[in-house]
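Chemist: Pasted the sequence and its predicted model underneath.
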Amino acid sequence: MTDSVQPELFSLSDDAVLVVDQAEIDHAATGQAQLEGEAAPAWWHRLAVFDLETTGIDVQTSRIVTANVSVIGADGHPVSRLDWLANPGVEIPEQATAVHGVTTERAVAEGRPAALVVYEIVEALKALLAEGVPLVIYNAPYDLTLLHHEAVRYGIDPLELPAAIIDPLVIDKAVDRYRKGKRTLEAAAVVYGVELLDAHDAGADAIAAGRVAQALAQKHDAVSVLAVHELHEKQVDWFREQAESFQEYMRRTHNPEFTARTAWPVG
C-alpha cells in the first residue's frame, strides 16, 4: 500500500493498492470551490466510482480479475484510489484476456486470493455508501450482480440493496433516447467529451464513468435538478422501461419467449 497522506476512507490489507495524492486533493477542492455558485447538483461534488474486469459476461459464474474503487472530486480528478488484481481460481479465457489484458499466468503469479479481494471490495463500497457518497457504476446491474454472486460464493455478507447509485448508461438512454450509435462507455466518453485513454482498465473505466455522470448533470436539466436519491429512484423506473422496450423488440424480431431482466441496480 502506498500512502501519500493518511487514507480518509479505507482501512484494508497492505496488499491492496491505495493511492491518495495530496496535490490531487487540493486540485479537487479548488475545482469544487469554483463550482459552488454554479448550477450543479450537490452529489456532483464528490463521487465514488467502481468497475470490475472479469473472466466473462455471465454474472452468476464469472469471476473478478481486476477492480477499482476510487473517489473523484468536482473536477473529475481522483482524490483516492484502490486497485485490486485477483487470482480468480479459474482459467481466464482468451477472449477475456483480449479485453482487459490479464492472463491466467499473471493472475496466478501476481493476484491476491479471490475471497480476500471480494471481501475488501465489498467493505470499501459499504464504507462509502454508509458515508452517503453516491456511487457511479456504468451498467450497474452487471458489476453489482456479479459482485453479489462472488460474495455469496465465498461466504461474505454481500452489499445490501444499495441506494444512491448513479448509472450513466441508464441515464444517457433516458435523456438522449433517440441518439444513434453504441451506448458503450467508450462511446459515451466521446459524446460527453470525457478522456478515456485505457478502456477496459478498471481504474480508467471507473473514473471515466464518474466524469460522464458529471457531464450528464451539466448537460441535462432532467439530471441536475434531482437530488441523488430522487435520481436513484428515477433510474429504477428508467431501467425497467428500457428493459421492457428491449424485451418487446426481441420478442417481435428474434425470440417470442425472450425475457429481459427489469431489476436495477442489482439484477
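Modeler: Noted; the coordinates are in hand.
Chemist: least trustworthy helix or strand in the chain by mean pLDDT?
Modeler: Lowest by mean pLDDT, DSSP states H and E among the helices and strands of the chain is helix 22-35, with a mean of 41.
Chemist: following that one, which helix or strand comes up?
Modeler: Going down the chain from helix 22-35, the next helix or strand is strand 46-54, by DSSP states H and E.
Chemist: Note down every partner strand of the helix or strand following that next one and its orientation.
Modeler: Beyond strand 46-54 on the C-terminal side, the first helix or strand identified by DSSP H and E is strand 64-73. The pairing partners recorded for strand 64-73 under DSSP bridges are strand 46-54 (antiparallel), strand 78-87 (antiparallel).
Chemist: and those strands as TSV, adding mean neighbour count?
Modeler: C-beta: built from backbone N, CA, C; applies to glycine. As requested, the strands paired with strand 64-73 are arranged in TSV below (neighbours: other Cβ atoms under 10 Å):
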stretch	mean neighbour count
strand 46-54	25
strand 78-87	22
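Chemist: Which one of those strands lies nearest to residue 206?
Modeler: strand 46-54 (3.8 Å; Cβ to Cβ).
Chemist: quick one: average pLDDT of that closest one?
Modeler: Regarding strand 46-54, the rounded mean pLDDT is 97.
Chemist: Send me that strand as PDB with only the CA atoms.
Modeler: The C-alpha trace of strand 46-54 is given here as PDB (Å, rounded to 0.1, in the frame of the first residue of the first chain):
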ATOM      1  CA  ARG A  46     -17.800  14.000  -4.500                       C
ATOM      2  CA  LEU A  47     -18.500  10.700  -6.200                       C
ATOM      3  CA  ALA A  48     -17.300   7.200  -5.600                       C
ATOM      4  CA  VAL A  49     -16.700   5.200  -8.800                       C
ATOM      5  CA  PHE A  50     -16.500   1.400  -9.200                       C
ATOM      6  CA  ASP A  51     -15.600  -1.000 -12.000                       C
ATOM      7  CA  LEU A  52     -14.800  -4.700 -12.500                       C
ATOM      8  CA  GLU A  53     -12.900  -6.600 -15.200                       C
ATOM      9  CA  THR A  54     -13.800 -10.300 -15.100                       C
END
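Chemist: that older thread, make CSV from the strands paired with strand 64-73 and add distance to residue 158 to it.
Modeler: Below are the strands paired with strand 64-73 laid out as CSV (distance: least, Cβ to Cβ, whole Å):
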stretch, distance to residue 158
strand 46-54, 14
strand 78-87, 17
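Chemist: Of these, which is nearest residue 194?
Modeler: strand 46-54 (12.1 Å).
Chemist: now the helices: where do they sit in this structure?
Modeler: 22-35, 94-100, 104-110, 114-130, 140-153, 168-175, 185-191, 202-219, 221-224, 228-253 (DSSP state H).
Chemist: OK, contacts around the residue nearest the centre of the chain?
Modeler: The residue lying closest to the centre of the chain (Cα atoms, centre = their mean) is residue 137, at 2.6 Å. The contact partners of residue 137, by Cβ atoms under 8 Å, 6 or more residues apart in numbering, come to 49-51, 143-144, 165-167, 209, 265.
Chemist: out of the residues you listed, who's nearest residue 203?
Modeler: residue 51 (7.5 Å).
Chemist: Check what pLDDT the residue nearest to that closest one when sequence neighbours are not counted gets.
Modeler: Spatial nearest neighbour of residue 51, chain neighbours left out: residue 206 (3.8 Å); criterion: Cβ to Cβ, 6 or more residues apart in numbering. pLDDT, residue 206: 98.
Chemist: How many residues are close by residue 206?
Modeler: 27 (other Cβ atoms under 10 Å).
Chemist: Endpoints of stretch 217-230, how far apart?
Modeler: 14 Å (Cα to Cα, to the nearest Å).
Chemist: ditto for stretch 253-267
Modeler: 24 Å.
Chemist: swap in stretch 164-181?
Modeler: Terminal-residue distance, stretch 164-181 (Cα to Cα): 28 Å.
Chemist: coming back round to it: show the contacting residues for the residue nearest to residue 51.
Modeler: Applying Cβ under 8 Å, 6+ apart, the residues contacting residue 206 are 49-51, 68-70, 136.
Chemist: Also residue 91?
Modeler: Residue 91 touches 55, 104, counting by Cβ under 8 Å, 6+ apart.
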